[in-house]
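Undergrad: Sequence first, then the predicted structure:
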Amino acid sequence: MRMIMQKVTDLSGKELAARRNLSSAVYPPDVVANWPGRSIEWASPEWCVMCWDEKGEALSHAGVLIRECEIDGSPVRIGGIGGLMTHPKARREGLATKVIKGSLEFFLERAVDFALLVCKRELVPLYEKLGWQLYRDKVLVTQKGVTTPFTFNLPMVHSACKAAPSSGDIYLKGAPW
């Protein structure tokens with residue numbers, strides 16, 4: 001098993017195909033067709049952390065980006081994690097934890113203030129075990145050119161170079177991840 005952190009634009013054709021295969025295994029077409037988040041404009045990751053098996057199959061993935069944002073009007077550098085997925089046959093092996101920890105290490109290297117992800121309610125306890133905190137104030141995003149509160153999933157924050165905030169409206173200055 002190997003783990004890599006790589007710019008998305010540097011992924012080879014074979015790596016992109018492996019990532020698509022992973023996505024199809026985690027999100028089959030019938031699930032994607034009925035997913036309520038399809039209408040949301042999502043940010044594309046700049047980097048990704050991936051775990052690979054010895055045959056070159058992608059087993060786990062997290063999309064990563066860094067963005068200059070604001071909390072109550074003050075500038076802040078946020079590291080975003082999105083698109084977390086683990087192949088059904090490789091679940092419960094700690095791979096998602098590895099790619100999340102790899103993302104957090106990357107944020108420390110890049111002087112990110114704190115990390116933010118959004119997740120379904122049932123995943124909150126899993127992330128809390130990894131040190132994430134539910135964020136109870138507003139997260140504002142841009143959708144179709146309009147700033148709007150993000151209410152689709154629950155925001156969670158994790159400390160990086162600074163302590164994760166516990167309050168204040170976070171403005172992502174773009175689409176959510």
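TA: That came through, no problem.
Undergrad: pLDDT (mean, whole number) over the helix or strand M85 falls within?
TA: Using DSSP states H and E, M85 sits in strand 74-86. For strand 74-86, mean pLDDT is 97.
Undergrad: mind checking how far V99 is from C69?
TA: The spacing between V99 and C69, counted by C-beta to C-beta, to the nearest Å, is 22 Å. Placement of C-beta: from N, CA and C, glycine included.
Undergrad: the more surrounded of those two?
TA: Between V99 and C69, counted using other C-beta atoms under 10 Å, V99 has the larger neighbour count: 27 against 20.
Undergrad: tell me the secondary structure for the residue of the chain positioned farthest from its centre?
TA: In terms of distance from the mean C-alpha position of the chain, K55 ranks first, at 25.5 Å (C-alpha atoms, centre = their mean). When classified by DSSP: H, G, I helix; E, B strand; the rest coil, K55 comes out as coil.
Undergrad: State whether L104 is indeed within a helix.
TA: Yes. Counting by three-state DSSP, L104 is located in a helix.
Undergrad: what residues are up against I71?
TA: With contacts defined as C-beta atoms under 8 Å, 6 or more residues apart in numbering, I71 is in contact with P165, G168, D169, I170, Y171.
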